[in-house]
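Student: sequence and predicted structure are below.
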Amino acid sequence: FSLEQDLRHAIARSQLEMEFQPVVDLARGRLIGAEALLRWHHPQAGLISPGRFVPILEDINLINEIGMWTLNAACREARNWQRRGIGGLRVAVNLSATQLRDPKLESMILRTLERHRLPPEALELELTETAAAEDVDRTQALFVALRAAGISISIDDFGAGYSSLSYLKKLPFDRLKIDREFVLDVHMHKDSQAICRSLIELARGLEIGILAEGVEKSEEVEMLQGFGCAIFQGFHFSRPLGAAEFVRLAVDPA
Ligand code: G
Ligand code: G
Ligand code: MN
Ligand code: NA
């Protein structure tokens, strides 16, 4: 089989699925949302990670189509949470650099929210700093428009790219996600501690939110909490869950 060919039929054959990884706010002691993560169930190869197939989607020009499928699926599920009375949760959807270059992106996002009657406050878009910094002026216009509509924006994998910090002055956004690389065993590494402390201080100075992703151990949580980070995502709290599993957790947090 060829992954390229098979990807062209993945939507029609219902092989794509979204998982939802809980995001928790320890200051308020509650679940505040989830990151929507795309999964591809390949009939022969099994479960394939987006880390492997998103680059192929980019190559074969399918990223915009599958990106819209993803956004639609995530918004439909977030509306489902609201219908079930699970209030105040935000769903975070990853966007690639290619999607950012699509002139129809903004209108498609707004139409998707309308179609599902999802309030814009319930949607967050995640972009890596590399994607966001690629064309700062263009990204700036897009972020301004999306935020004016009530959608929030986070910079994913923060600290892991090669971009300069100058884009921080130009781009309006709501949240930084500290890359997993700096969170991993932060309690054991002085350099990771210095970096995390600086990032948390940076977010405070910029008056934006900060989230630590990829937390796997209570020692990591405790250290980052001590530095002033309150929002977490990672296997320590929960792995990404199927839609039904996520609803069970949200309705009845153990
Ligand atoms: O879930 P996993 O660890 O396999 O994700 C690997 C990478 O794929 C992560 O960087 C994640 O941000 C990205 N990713 C997950 N879902 C999506 C998606 O719907 N769209 C895009 N563009 N990237 C995604
Ligand atoms: O790049 P991005 O932040 O979007 O990547 C999210 C990916 O990280 C998801 O595919 C998810 O499966 C993975 N992930 C989430 N929590 C953890 C964790 O605690 N440890 C590890 N190793 N991976 C995680
Ligand atoms: Mn992400
Ligand atoms: Na990330």
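Tutor: Alright, I've got the coordinates. Numbers count the residues shown, from 1 in each chain. Ligands and ions are numbered 1, 2, ... in the order given.

Student: what about the longest helix in this structure?
Tutor: Identified as the longest helix of the chain according to DSSP state H is helix 63-83.

Student: the next helix or strand after it near ligand 4 anywhere?
Tutor: Going down the chain from helix 63-83, the next helix or strand is strand 90-94, by DSSP states H and E. No - Strand 90-94 is not in contact with ligand 4 by C-beta under 5 Å from the ion; minimum separation 8.4 Å. (Glycine included, C-beta is placed from N, CA and C.)

Student: what strands line up against strand 90-94, and which way round?
Tutor: Next to strand 90-94 in the sheet, as set by DSSP bridges, lie strand 30-42 (parallel), strand 123-128 (parallel).

Student: what average pLDDT does the longest helix of the chain get?
Tutor: Averaged over helix 63-83, pLDDT sits at 97.

Student: contact partners of that helix?
Tutor: Helix 63-83 has contacts (C-beta atoms under 8 Å, 6 or more residues apart in numbering) with 7, 10-11, 16, 18, 20, 36, 38, 54, 57, 89-91, 93-96, 98-99, 102, 108-109, 112-113, 115-118, 122-123, 243, 246-247, 250.

Student: just these: which are in helices?
Tutor: Using DSSP H, 7, 54, 57, 98-99, 108-109, 112-113, 115-116, 243, 246-247, 250 are the members of these that sit in helices.

Student: any regions of this protein where pLDDT drops low?
Tutor: Residues of the chain that meet the criterion pLDDT under 70 lie in 254.

Student: ligand 3 is nearest to which of the strands paired with strand 90-94?
Tutor: Among the strands paired with strand 90-94, strand 123-128 comes nearest to ligand 3, with 4.4 Å by C-beta to the ion.

Student: Ala133 contacts Tyr162, correct?
Tutor: No - contact criterion C-beta atoms under 8 Å: Ala133 and Tyr162 do not qualify, at 9.0 Å.

Student: those two: which is more packed in?
Tutor: Neighbours per residue (other C-beta atoms under 10 Å) separate Ala133 from Tyr162, with Ala133 holding more: 22 against 7.
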